[in-house]
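[1] Got a predicted structure plus its sequence, pasted below:
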Amino acid sequence: MKSWGHLEEVAGRLSAISRSQFQSVFEKFEWPESLPSDCYWMSPELTSCYDTPVWDRLSEPEQIRLTQAESVNFFSLNVHLIRGLIGEVSDRIYTTRYPGLSDFFHDFIREENEHMWFFATFCQSYGGKVYPTRGFDGAAPAAHESVRDLMVFGRILIAEELCDVYNARMANDERLPLVAQRINAVHHEEESRHIAFGRQLMTALHDEAREQADPSELEAAGRYLARYISVCLRSFYNPSAYVDAALPEPLSIRGEVLRHPSRAAFHQSVMERTLKFFDRIGLPGRESIAW
Amino acid sequence: MTDADDLVVQFLMARRPELASVPPELDLVDSGVLDSLGFMALLALLEATTGREFDLDVIAREDFRTLARIRERLLGAPAAEPR
């Protein structure tokens, strides 16, 4: 298939860029002892309560505390995403299914390992912890390996692109501490290569699945990824972060903001780019997303 | 049956509409009722209906394996007497 051949070319180019731009992750950041407690750590417009009556009811110090707890939650989500991603890619390195990609996979794992380190360092240094994941890892059930891989790498691409929307918006937000801006900027820059590869891989897997798998399996994969989008978006509404921001009745807050129509509109806006890509390759399932 | 219990049963049946009921010892994973995404959705539903936030360091995938286990570990029902 043409898309598989192109995948190797893209991977080769991306590996060359990664190696030519290599700099130790330990030299990329200056870590202050502590961060100011009276400023946003995350753009307020990206927090889970923004543009709802809950946000309006919060005092300014509460709003600031929420951005701080949610910055730690956002970076924790990245940690768990990367943990799963490295596992999936490691499972496929030096296998006969992905010949010619092992060199790229080495660079990919190295970069992702570095990303996980700086996200976790921020969480532990300034939030005192990495929030635990609210899900359980699990293989997507499918009979044909192309469909199984389509679900695995589809999940990864969805989460990467969603987090990248946040990274891109915060990379130059001068209201945030410098280290927070820099983490978002570095991740946005390096992740753009992984997203480019992820899209190429999804195109190849989708072509393969269309040729070799039962159409009903492909439709089920689309519905699975639609459910994943809903779950992924809801992981930003972490009651533990509301507790850490000292907000009253965290579970009620989550329910109230999730029911507000402005949040569904926000979810659609942050997923728009990814869904356009899925439409372009012909992946079904968009209509079953619970916004 | 409590409201929370009722909601959990409804949630599980909605995922497999062909089931006439959810036997308490049915393996929810092997029978395809719950997958990894279903766990997360059910967890959110349980927290919303019980008003309790579950400690994710304490609960495990096995706690979602059967309706009986969900009742015992997450809805606070007493464990069945060993036979």
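    Looks like it came in fine.

[2] Tell me the residues of chain B that contact chain A?
    With CB under 8 Å from any CB of the partner chain as the criterion, chain B meets chain A at residues B:32, B:35-37, B:39-41, B:43-44, B:47-48, B:51-53, B:56-57, B:61. C-beta coordinates here come from the backbone N, C-alpha and C atoms, glycine included.

[3] Inside helices: which ones of those?
    Of these, the ones assigned to helices by DSSP state H are B:36-37, B:39-41, B:43-44, B:47-48.

[4] Pick the one among the residues you listed closest to chain A.
    Closest approach between these and chain A, by CB to the nearest CB: B:Ser36, at 2.9 Å.

[5] picking up where we left off before, could you dump the ones in helices among the residues of chain B next to chain A to a markdown table with neighbour count?
    Shown next, in a markdown table, are those (neighbours: other CB atoms under 10 Å in any protein chain shown):
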| residue | neighbour count |
| --- | --- |
| B:Ser36 | 18 |
| B:Leu37 | 20 |
| B:Phe39 | 21 |
| B:Met40 | 21 |
| B:Ala41 | 19 |
| B:Leu43 | 20 |
| B:Ala44 | 20 |
| B:Glu47 | 19 |
| B:Ala48 | 17 |
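
[6] what's the closest of those residues to A:Phe74?
    B:Met40 (17.2 Å; CB to CB).

[7] And the pLDDT at that closest one?
    B:Met40 carries a pLDDT value of 84.

[8] mind checking the SS state of the residue nearest to it when sequence neighbours are not counted?
    With CB to CB, 6 or more residues apart in numbering or on different chains as the criterion, B:Met40 has its nearest non-adjacent residue at 4.4 Å, and that residue is A:Gly135. For A:Gly135, the secondary structure call by DSSP: H, G, I helix; E, B strand; the rest coil comes out as coil.

[9] What is the burial count for A:Gly135?
    Using other CB atoms under 10 Å in any protein chain shown, A:Gly135 has 18 other residues around it.

[10] contacting residues for it?
    Residues near A:Gly135 by CB atoms under 8 Å, 6 or more residues apart in numbering or on different chains: A:80, A:231, A:235, B:36-37, B:39-40.

[11] please redo it, this time with the cut-off set to 10 Å
    Contact analysis of A:Gly135 by CB atoms under 10 Å, 6 or more residues apart in numbering or on different chains lists A:80, A:84, A:231-232, A:235, B:36-37, B:39-41, B:43, B:56.

[12] Equivalent analysis for B:Arg69, please.
    Here B:Arg69 is in contact with B:24-25, B:28, B:60, B:62-63, B:79 (CB under 10 Å, 6+ apart).

[13] quick check, nearest of these to chain A?
    B:Ala60 (8.3 Å).

[14] surely that closest one meets B:Leu43?
    No. The pair B:Ala60 and B:Leu43 fails to qualify as a contact (CB atoms under 10 Å) at a distance of 11.8 Å.

[15] any idea which element B:Leu75 lies in?
    Per DSSP states H and E: B:Leu75 is located in neither a helix nor a strand.

[16] Give me the pLDDT for it.
    84.

[17] So it sits against B:Glu47, correct?
    No. The pair B:Leu75 / B:Glu47 is not scored as a contact, 11.8 Å apart, by CB under 10 Å.

[18] Which parts of chain A are helices?
    Going by DSSP H, chain A shows helices at A:2-20, A:53-57, A:60-92, A:102-122, A:145-170, A:178-212, A:215-234, A:239-244, A:250-259, A:261-281.

[19] any idea which of the ones you listed scores lowest on pLDDT?
    Averaging pLDDT over each of those puts helix A:2-20 lowest, since it has a mean of 88.
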